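Chemist: I need the structure of the sequence given here:
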Amino acid sequence: MRNTVGIILLLWLASLSVVAQDFPKAEVFGGYQYSRQNSTNLNGWNGSLTGNYNQWFGLTGDFSGAYHSEGGVDFRSYTYTFGPTLASRSNEKFTPFGHALFGGFHQSADAAGSSLGTANGFAMIFGGGVDASLSPRLAVRVGQFDYMSFHANGGSSNIFRYSAGIVLHL
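Modeler: Down below sits the predicted model:
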């Protein structure tokens, strides 16, 4: 009987240490993005929502918009991707992460209110970055570096993306 009580007490104490290892159940990121496509610089926004299942694994939905105007032509590029994110939370101040995201893209160009064309296709994003903690609920995404690959109509384009902004921990 004494051994059983001792084992139950030990298991209960061990479970408390697991509960004490707190991690954000969800993270919401919003910020600026710079991307470079076919020697063209684009500026825009990037946002994501990550649901964390444990300290190191989560699922992310990432959405972005990038824009460029030149010679009266307005170019827009949007992505919507989803996939796994791996994070290392061993340091309280910095959280490095990596992700592999898959989904789609939509691009369009117009001049003087007339459409010059659109493209839709498959998008893959591989990358990662580092978040610096400001408080238990707030962090700064110091940098997120992504390789983006767009595929449509038998062609492909490879794009570099940098993002930075604010991360809310929920």
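Chemist: residues contacting the helix or strand residue 159 falls within, please?
Modeler: Per DSSP states H and E, residue 159 falls inside strand 155-169. Applying C-beta atoms under 8 Å, 6 or more residues apart in numbering, the contact partners of strand 155-169 are 24, 26-38, 46, 64, 125, 127, 129, 131, 136-150. Glycine gets a C-beta too; all of them are placed from N, C-alpha and C.
Chemist: the strand of greatest length in the chain pairs with which strands?
Modeler: In the chain, taking DSSP state E as the definition, the longest strand is strand 114-135. With DSSP bridges as the test, strand 114-135 is paired with strand 94-111 (antiparallel), strand 138-152 (antiparallel).
Chemist: tell me the mean pLDDT over that strand?
Modeler: Computed over strand 114-135, the mean pLDDT rounds to 97.
Chemist: what's the angle from that strand to strand 155-169?
Modeler: Angle, strand 114-135 to strand 155-169, by axes from the mean of the first three to the mean of the last three C-alpha atoms, to 10 degrees: 40 degrees.
Chemist: returning to what we had before: can you tell me the average pLDDT over the strand holding residue 159?
Modeler: The average pLDDT within strand 155-169 is 96.
Chemist: next one: it to chain centre, how far?
Modeler: Relative to its chain's centre, strand 155-169 lies at 7 Å (C-alpha atoms, centre = their mean, to the nearest Å).
Chemist: partners of that strand in the sheet?
Modeler: Strand pairing for strand 155-169, determined by DSSP bridges: strand 26-37 (antiparallel), strand 138-152 (antiparallel).
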